[in-house]
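In: okay, sequence plus prediction incoming.
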Amino acid sequence: MHMLKNARLQKAIFLFIVVAPAFAAYVLFTLYPNALSIYYSFLEWDGIGAKTFVGWDNYVRLFHDPFILRALGHNLILLVTVIPITLVISLVLADLLINRAFKENSFYKVLYFFPNVLSLVVIALVWSFIYDGTFGLLNGILRVLGLGGEHNWLGSKGTALLSMIPLYVWCYAGFYVVIFMNAMRGIPKSLYESATLDGITHMQRFSKITLPLLSGVIRVGVIFLMLSVIKGFEYMFIMTQGGPGGATDVISLYMFNFAFGSLNLGQHIYGYASTIGMMIFVLLVGLKLILDKFFAKDSIEY
Amino acid sequence: MRTGISSWLWRMVLFLWALTILLPLFWIFYQSLKTNQAFFADIWAFPEHLEWSNYEKAWTSLGIGQSVVNTLYYVGLSLLISLFVSTVNAYAFTRIEWRLRSLLWSIIMLSLFLPGINILVSQYTLMRALNLTDSLNGLVLLASLPVGAFELLLLGSFMRSLPKELDESAFIDGATLFQVFRKIILPLSMPGIVTIGIFKFVGLYNDFLGPFILISDPAKYPISVNMYNANAMMEYKADWVTLLAGLVITIIPTVIVYVLFQRRIIEGATMGGVKG
């Protein structure tokens, strides 16, 4: 026991038992695979046979692959719709919950966040049931309203991708309601009070005081949403498999299908999949850096 | 008068958003208690007779029972190990002085910058090379042993806020590092540890892609992969009410955890969101 009185020895033992394995695991399971992906992107490899080094071939293929652009286009459509819609809805809901004293607000605060703890598979299956062509909830609602109600939302090319937008908004809005509510609580009351004395309306108060003060949080929200939408390809994987006819094929799903999908007759194409992964990596990091630069000056400290 | 009307309109907005969440879940629930014929006949009608046997069928024939056991094992063990890893590492990184501390800290924080989606393939081949695919213990290892930046940030800031004199005076009184950790730091950090634990639970329980790639033996499916497979099989079986019952079973633990811990979950989400 007196051995352990030695502080230096204690420290060494503690660090060795505690920090070393967890850090080694982090390097092995997180950092090393990142390096490995770079290496794989230069290979032709089906995962079983020999690895053939093919230099920049996969990258050349990437630039000539028409499906890459189609998938990126789908991502772009989702990003430019989901991000603003989610932000507007959650800003409005947060403002209503914070600045209007309805008695049901405390219940809504809890309810709105609930989709965030639901399993991805559950959300995908619930929304499959909503969109189903014969027994779907959405068609049922449309029939009640006398607006038709025979449409197969995920099964037709025109509506499959657009049908994903409400799903993403539904999943993510609750989280930003909470984030924005907290940010709004942090705004000094005195700012509102002096504005009210000047005869400002609720709308003006929202657009002239609340919004500008929230721009820093909104920037973080944009980055988070961007990442979530691009990473959230599992919804398409479960609900549409990228179909019909590639209408919901997004870039991450395209990559995933090369590696693990059944589209290539069960063949695994790890090399090219890794190359697409590298492209996604560069795109995401690049977008994040641009957003940081673009928005940084707007955020206001008070 | 004008404010009265607009106030009611805004109230409707809040109500409608609530409805988008409650209506689908409630609808799924009462559909799960119908027969398949009634399910196809009229999607609005309430079930005439409650078919609780759908749940029994889902539990056995869809294999929900087995996958619940698998999930409990995988989530439970991962939770224990990862909470231990996070807590001791947060302690080592915030309250002990050592040489490589700031270097290792910044290497771990690097992961906040890595999107993670690009390593699906390489992580899979790595796990395969280590013989850890098709094994729940492999999942546990991957989910719990690597130290996480998010946990370290959250628990670290918690431990940093505890006064320095706490451990210093204990050391002077002759306590060992281990005793200080166990008797002082650990109990005082409990609120932070619980928050991380809830988050980890929600994340692990809901995780789909990792288990989907790494587990191919149906006897080892966690519940999320099992539901995905059950749904894929419905193309041939068309037994939708059983699938819906399975879906409800999958949702129940989430609802329970959420009802019990909603305050902490919502607070924790804000902490994570700001740190991100």
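Out: Great, that's in hand.
In: stretch A:164-177 - what's its average pLDDT?
Out: Per-residue confidence for stretch A:164-177 averages out to 95 on the pLDDT scale.
In: whoops, stretch A:198-218 was the one
Out: Per-residue pLDDT values across stretch A:198-218 average out to 84.
In: next one: stretch B:67-85
Out: 95.
In: what about chain B, any weak spots by pLDDT?
Out: Scanning chain B for pLDDT under 70 picks out B:1-3, B:271-276.
In: show me the longest helix that occurs in it.
Out: Taking DSSP state H as the criterion, chain B has its longest helix at helix B:240-275.
In: buried ones in the strand or helix carrying residue A:274?
Out: Following DSSP states H and E, one finds residue A:274 within helix A:270-296. Residues A:270-281, A:283-284, A:287-288, A:295 are the ones in helix A:270-296 that count as buried (16 or more other CB atoms under 10 Å in any protein chain shown). Backbone N, C-alpha and C define where each C-beta goes, glycine included.
In: same question for stretch B:234-252.
Out: Burial within stretch B:234-252, assessed by neighbour count using 16+ other CB under 10 Å, is assigned to B:239-251.
In: out of those residues, which are close to chain A?
Out: Cross-checking the buried residues of stretch B:234-252 against chain A (CB under 8 Å from any CB of the partner chain) gives B:240, B:243-244, B:247, B:250-251 as the overlapping residues.
In: pull the most distant pair out of those.
Out: Among those, the pair separated by the greatest distance (CB to CB) is B:240 and B:251, at 16.2 Å.
In: out of the buried residues of stretch B:234-252, which comes closest to residue A:143?
Out: Out of the buried residues of stretch B:234-252, the one with the shortest distance to residue A:143 is residue B:240. That distance is 18.8 Å, counting by CB to CB.
In: what's near enough to touch the residue nearest to that closest one when sequence neighbours are not counted?
Out: In this structure, residue B:240 finds its nearest non-sequential neighbour in residue B:39, 5.9 Å apart by CB to CB, 6 or more residues apart in numbering or on different chains. The contact partners of residue B:39, taken as CB atoms under 8 Å, 6 or more residues apart in numbering or on different chains, are A:135, B:31, B:240-241.
In: next one: phi and psi at residue B:39?
Out: Here the main-chain torsion angles of residue B:39 (degrees, to the nearest 10) amount to phi -60, psi -40.
In: report the separation between it and residue A:9.
Out: For residue B:39, the distance to residue A:9 (CB to CB, to the nearest Å) stands at 68 Å.
In: could you do residue B:176 as well?
Out: Note on residue B:176: its distance to residue A:9, by CB to CB, is 10 Å.
In: those two - which one has more neighbours?
Out: When neighbours are counted by other CB atoms under 10 Å in any protein chain shown, residue B:176 comes out ahead of the other of residue B:176 and residue A:9, with 18 against 12.
In: which parts of the stretch 201-302 of chain A sit against chain B?
Out: Proximity of the stretch 201-302 of chain A to chain B is confined to A:220, A:223-224, A:227, A:230-231, A:234, A:238, A:252, A:255-256, A:259-260, A:270, A:273-274, A:277-278, A:280-281, A:284-285 under the rule CB under 8 Å from any CB.
In: the stretch 1-150 of chain A: strands as residue ranges?
Out: For the stretch 1-150 of chain A, applying DSSP state E, counting those that start in this stretch gives strands covering A:43-44, A:52-53.
In: chain B is nearest to which of those strands?
Out: Minimum separation from chain B across the strands of the stretch 1-150 of chain A (CB to the nearest CB) falls at strand A:43-44, 10.7 Å.
In: which element is the residue nearest to residue A:284 when sequence neighbours are not counted on?
Out: Taking CB to CB, 6+ apart as the measure, residue A:284 lies nearest to residue B:115, with 4.6 Å between them; neighbours along the chain are not counted. Applying DSSP H and E as the criterion places residue B:115 outside every helix and strand.
In: residues touching residue B:115, list them.
Out: If a contact means CB under 8 Å, 6+ apart, then residue B:115 has A:227, A:231, A:280-281, A:284-285 as its contacts.
In: may I see the buried residues of the longest helix anywhere in chain A?
Out: Taking residue count as the measure and DSSP H as the definition, the longest helix of chain A comes out as helix A:66-99. Buried residues in helix A:66-99, counting neighbours by 16+ other CB under 10 Å, are found at A:68, A:70-72, A:74-75, A:78-79, A:81-83, A:85-87, A:89-98.
In: what about it and chain B, any contact?
Out: Yes. With CB under 8 Å from any CB as the criterion, chain B is reached by helix A:66-99 at A:89, A:92-93, A:96-97.
In: and that helix, what does it pack against?
Out: Helices and strands in packing contact with helix A:66-99 are listed as helix A:105-113, helix A:157-185, helix A:215-231, helix A:251-260, helix B:2-31; criterion 3 or more CB pairs under 8 Å, 6 or more residues apart in numbering or on different chains; DSSP states H and E.
In: hmm, residue B:219 is touching residue B:69, no?
Out: No. In this structure residue B:219 lies outside contact range of residue B:69 using CB atoms under 8 Å: 10.1 Å.
In: so where does residue 154 fall, helix or strand?
Out: Defaulting to chain A. Per DSSP H and E, there is no helix or strand for residue A:154.
In: actually, chain B is the one I wanted.
Out: Element membership of residue B:154 [criterion: DSSP H and E] is helix B:149-160.
In: what's that helix packed up against?
Out: The criterion is 3+ CB pairs under 8 Å, 6+ apart, and the helices and strands that helix B:149-160 contacts are helix B:64-95, helix B:101-109, helix B:190-206, helix B:240-275.
In: what's the most buried one of the strands of the stretch 1-150 of chain A?
Out: Per-stretch averages of neighbours, counted by mean count of other CB atoms under 10 Å in any protein chain shown, single out strand A:43-44 among the strands of the stretch 1-150 of chain A, with a mean of 18.
In: what about that one, near chain B?
Out: No. Using CB under 8 Å from any CB, no contact is recorded between strand A:43-44 and chain B, whose separation bottoms out at 10.7 Å.
In: helices or strands next to that strand in the packing?
Out: strand A:52-53, helix A:57-64, helix A:270-296.
In: hmm, back to that, so which of the contacts of residue B:39 is the closest to residue B:162?
Out: Proximity of these to residue B:162 was ranked by CB to CB; the top entry is residue B:31 with 51.2 Å.
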